[in-house]
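# Whatever this is, show me its structure:
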Amino acid sequence: MAARMQDKARTNGKLSPQQLALLDALTALAQQAVTSAPPAPVTWSAEWSCGACGDGGDAQFEDGTSVAADHDCGQGDGPEIGWEGRAECSAGGWSLDTDFADGEYVESDHHCATGQ
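Numbering: from 1, shown residues only. Purely as a prediction, here's the structure:
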């Protein structure tokens with residue numbers, strides 16, 4: 001029976017006590033599935049650049065990743081890698097643009113609420 005028909009049958013008193021109990025259990029399970037679903041992942045897309053030689057590149061990674069450019073610079077004492085990044089929630093509607101340093105643990109501090 002379709003959801004609308006079940007609601008109408010409930011309203012009209014046409015469901016048995018057993019059917020009402022099953023319908024209530026299914027509704028509770030559906031609500032639990034929605035509230036216990038894992039949050040949508042936040043992904044980062046970023047560009048890095050070396051302050052010593054000017055080399056650079058792109059990367060994508062998950063929220064909470066320790067980032068590194070994997071760049072062996074032959075200039076000076078070592079590269080000063082800087083990142084310009086953008087985090088986005090796959091549920092849509094939220095993003096963050098920020099700068100960070102090589103080797104940093106990057107987290108958006110975004111706690112997803114669907115539709116945010």
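
# Tell me which residues touch the residue positioned nearest the centre of the chain, please.
Nearest residue to the geometric centre of the chain (Cα atoms, centre = their mean): Pro41, 2.1 Å. Pro41 sits next to 62-63, 89-90 when contact means Cβ atoms under 8 Å, 6 or more residues apart in numbering. Heads up, the C-betas are built off the backbone N, CA and C, glycines and all.

# try 6 Å
Each residue near Pro41 by Cβ atoms under 6 Å, 6 or more residues apart in numbering is listed here: Ser90.

# so after the top helix by length along the chain, what's the next helix or strand?
Counting by DSSP state H, the longest helix found in the chain is helix 17-36. Remark: after helix 17-36, the chain's next helix or strand is strand 42-50, criterion DSSP states H and E.

# What are the contacting residues of that next one?
For strand 42-50, the surrounding residues in contact (Cβ under 6 Å, 6+ apart) are 56-61, 63, 69, 71, 73, 79, 81-87, 89, 108, 110.

# Okay, Val42 and Leu23: tell me how far apart.
37 Å (Cβ to Cβ, to the nearest Å).

# Apologies, that question was intended for Trp44.
Distance check for Trp44 against Leu23: by Cβ to Cβ, it reads 43 Å.

# In terms of neighbours, single out the busier of those two.
Ranked by neighbour count (other Cβ atoms under 10 Å), Trp44 and Leu23 place Trp44 first, with 23 against 17.

# Beta-bridge partners for that one, please?
Applying DSSP bridges to Trp44 gives these bridge partners: Phe61, Ala87.

# gap between it and Asp55?
Where Asp55 is concerned, Trp44 sits at a distance of 20 Å (Cβ to Cβ).

# Where does the prediction get shaky in this structure?
Scanning the chain for pLDDT under 70 picks out 1-3, 33-40, 76-79, 113-116.

# can you count the residues close to Phe61?
Using other Cβ under 10 Å, Phe61 has 15 other residues around it.
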